[in-house]
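Asks: Let me see the structure of the following:
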Amino acid sequence: MNAGEGSAVRDRVAALLERARERYADTGAEQDLRAARERIDEPLRVALAGKVKAGKSTLLNALVGERLAATDARECTRIITWYRDGLTYRVSAHAADGAPQPLAFRRGEQALTIDLEGRDPASIDRVVVEWPAATLRSLTLIDTPGIGSVSAEVSARTHAYLAPDDRPGAADAVCYLMRHLHASDARFLESFRDDVAAQAAPMNAVGVLARADEVGAGRLAALESAARIAGRYRQDAQVRRLCQTVLPVAGLLAETGATLREDEFRSLAALVALDRETLDRLLLSADRFAAADAPSDLDADVRRSLLCRLGVFGIRLSLALIRSGQATTAAALADALVARSGVGALRETLLVQFARRADLLKARSGLAVLSSVLYSHPSRGGDDLAREFEQIVTGTHAFAEARLLNALRAGTVALDDAASAEAERLLGGYGADPLTRLGLSSDEGARQDGDVVRQAALDAWARWRSRAEHPLAARATVEVTAIVARSCEGILSDLAAGDERAARGRPRASL
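Replies: Numbering: from 1, shown residues only. The predicted structure follows:
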């Protein structure tokens, strides 16, 4: 996708939605079209979804860097909750058919405590938490009740909100947490996929192997084991068809690292002073560690608090880091825990990959709304709206990339394995930036050596253009290779635009 194409298609869709809103001014569709138009100017909406106890709220706290979302079974976990950037701290309840109502709240040590003031959770469409935070400036995060809940009503609420049968969902993209890929996980991702424009491409979904620290019974090598499992998922045909990638994340480790207190560090340092044999026995299980008669000078309540905050794996890792001298202060330990948790890679994926495609993803959401309206009110739409809708869908190269990427991952494209793998990469299957598309290292040397990057893009363009122009190539092959060649042209265009921006930023040489 050319860097300018996303903004261009966003502007076209915004203008089309405005025209459609005027056309449907006296109908029930006007409100949906108005909301879709306003949504294009908002930050990208990313939903956190998954089974009950998958760790969604913990991961949200880790991404924001503050303990906001309730991580227990309180009433608010039954409600869709939005976390978005705000100028001040504010919480409101939004009914499906009513104006937002302010809610009282207080900042507790564990999370926000929100007072629903006697409202029935079933009557609330969503709770909106406005909170000044760096991550929320680029993304609005949506915390959802778990699917597969013992309450069918609660599970159905998440499905209906993110993947309704009769209208587009509320989120532009989804971050799906899973422990193992079960049939219910696959069904949810299938239903979330947006068929408008991309014909069910995986560009708007990221899979998270959640609670990665619990892999391998919490041993110190747990995160390495989780990384290998995530790698296998990334190669799984079904997962590749549903998700852009799968990343291992230890959400509890990240959340606690982001909010670690000095007294917690001192308590961990005190544990290091125990002899190794006693400490090893103490950490054989959570029950032993929290027992009132455990052989430790730390109060049992303090040990139980550490267990809640870090888990057995997190405690083991913290003690190893302190003992080895890699974490001699609370700040150093906090940084080390966050770095090892995997949340950095996930945040980069959300902020770089999703945010880079934000214009395109929001345009897709707008087109989905318009498609629903045109289908429901065909006579009101007129041929001109339908015609421009079709022109945007078929004429936008980024949508063609998404359709081809989906076909490649579904195994319906006749390319050999090597060509298929290169095509998937060039189409943005592993990231939209030029270096990732070209398979180049992202270290500083590669970033500075523009000639190497440009030559790699030219070589890729020449290879795929040659395939497209081969006299014996089948028509289907020509269509596929032409799309990939066009993606290479987009990479070259992005590189040229970057060179131009750099040139404008350089001081002029004096005469």
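Asks: which outside residues touch the helix or strand that Ala462 is a member of?
Replies: Under the criterion of DSSP states H and E, Ala462 resides in helix 450-468. When contacts are defined by Cβ atoms under 8 Å, 6 or more residues apart in numbering, helix 450-468 is touched by residues 419, 422-423, 426, 434-435, 438-440, 446, 473, 477-478, 481-482, 484-485, 488-489, 491-492, 495, 498-499. The way it works is simple: take the backbone N, C-alpha and C, and place the C-beta from them, glycine included.
Asks: quick one: it to chain centroid distance?
Replies: Mean-position distance between helix 450-468 and its chain equals 30 Å (Cα atoms, centre = their mean, to the nearest Å).
Asks: Stretch 6-19 now?
Replies: With Cα atoms, centre = their mean, you get 24 Å for stretch 6-19.
Asks: now the helices: where do they sit in the stretch 101-250 of the chain?
Replies: Assigned by DSSP state H, counting those that start in this stretch, the helices in the stretch 101-250 of the chain fall at 134-138, 152-162, 183-192, 222-235, 237-242.
Asks: any idea which of the ones you listed scores lowest on pLDDT?
Replies: In terms of mean pLDDT, the lowest-scoring of the helices of the stretch 101-250 of the chain is helix 183-192 (a mean of 63).
Asks: angle of the helix or strand where Val312 lies against helix 222-235?
Replies: Per DSSP H and E: Val312 is located in helix 300-323. Helix 300-323 and helix 222-235 meet at an angle of 80 degrees, taking axes from the mean of the first three to the mean of the last three Cα atoms, to 10 degrees as the criterion.
Asks: From the contact counts, what lies against the longest helix seen in the chain?
Replies: What stands out as the longest helix in the chain, according to DSSP state H, is helix 475-505. Here helix 475-505 touches helix 3-23, helix 397-410, helix 417-426, helix 434-438, helix 450-468, going by 3 or more Cβ pairs under 8 Å, 6 or more residues apart in numbering; DSSP states H and E.
Asks: Of all these, which one is nearest Thr349?
Replies: Minimum separation from Thr349 across the helices and strands packed on helix 475-505 (Cβ to Cβ) falls at helix 434-438, 11.0 Å.
Asks: elements contacting that closest one?
Replies: Going by 3+ Cβ pairs under 8 Å, 6+ apart, helix 434-438 lies up against helix 417-426, helix 450-468, helix 475-505.
Asks: among these, which is nearest Ala111?
Replies: helix 417-426 (40.3 Å).
Asks: can you list the weak-confidence ranges in the stretch 251-400 of the chain?
Replies: For the stretch 251-400 of the chain, applying pLDDT under 70 flags the ranges 353, 379-381.
Asks: Equivalent analysis for the stretch 51-200 of the chain, please.
Replies: Low-confidence segments of the stretch 51-200 of the chain (pLDDT under 70): 70-77, 97-98, 148-155, 163-168, 180-200.
Asks: And for Leu68, the neighbour number?
Replies: By the measure other Cβ atoms under 10 Å, the count of residues near Leu68 is 19.
Asks: and it, which of the three is it?
Replies: At Leu68 the chain is in coil, as set by DSSP: H, G, I helix; E, B strand; the rest coil.
Asks: wait, what's in contact with it?
Replies: For Leu68, the contacting residues are Leu60, Asn61, Tyr83, Ala111, Leu112, Val129, Trp131, by Cβ under 8 Å, 6+ apart.
Asks: one more time with 7 Å
Replies: Contacts for Leu68 (Cβ atoms under 7 Å, 6 or more residues apart in numbering) come out as Asn61, Tyr83, Ala111, Leu112, Val129, Trp131.
Asks: Show only the entries of those residues found in strands.
Replies: Tyr83, Leu112, Val129 (DSSP state E).
Asks: about what we covered before: just put the helices and strands packed on helix 475-505 in a markdown table and tack on distance to Asp263 and mean neighbour count.
Replies: Formatted as a markdown table, these follow (distance: least, Cβ to Cβ, whole Å; neighbours: other Cβ atoms under 10 Å):
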| stretch | distance to Asp263 | mean neighbour count |
| --- | --- | --- |
| helix 3-23 | 47 | 18 |
| helix 397-410 | 49 | 22 |
| helix 417-426 | 48 | 17 |
| helix 434-438 | 42 | 20 |
| helix 450-468 | 49 | 17 |
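Asks: give me the number of residues near Glu500?
Replies: 10.
Asks: Would you quantify the distance from it to Gly450?
Replies: Note on Glu500: its distance to Gly450, by Cβ to Cβ, to the nearest Å, is 12 Å.
Asks: looking at it, Ala20 is touching Ala36, isn't it?
Replies: No: the criterion here is Cβ atoms under 7 Å, and Ala20 misses it with Ala36 at 8.8 Å.
Asks: Leu247: neighbour count?
Replies: Neighbourhood size, Leu247 [other Cβ under 10 Å]: 24.
Asks: Got the confidence number for it?
Replies: In this prediction Leu247 is given a pLDDT of 90.
Asks: got the contact list for it?
Replies: Val206, Val208, Leu209, Ala230, Gly342, Ala345, Leu346, Thr349 are the contacts of Leu247 under Cβ under 7 Å, 6+ apart.
Asks: Most widely separated two among these?
Replies: Using Cβ to Cβ, the two most remote members of the contacts of Leu247 are Leu209 and Thr349, lying 13.2 Å apart.
Asks: the more surrounded of the two?
Replies: Leu209 (24 against 18).
Asks: And the more buried one, how far from Ala254?
Replies: Distance from Leu209 to Ala254, by Cβ to Cβ: 14 Å.
Asks: same thing with Trp82?
Replies: To Ala254, Trp82 is 21 Å away according to Cβ to Cβ.
Asks: One more: Leu319?
Replies: Remark: distance between Leu319 and Ala254 (Cβ to Cβ) = 18 Å.
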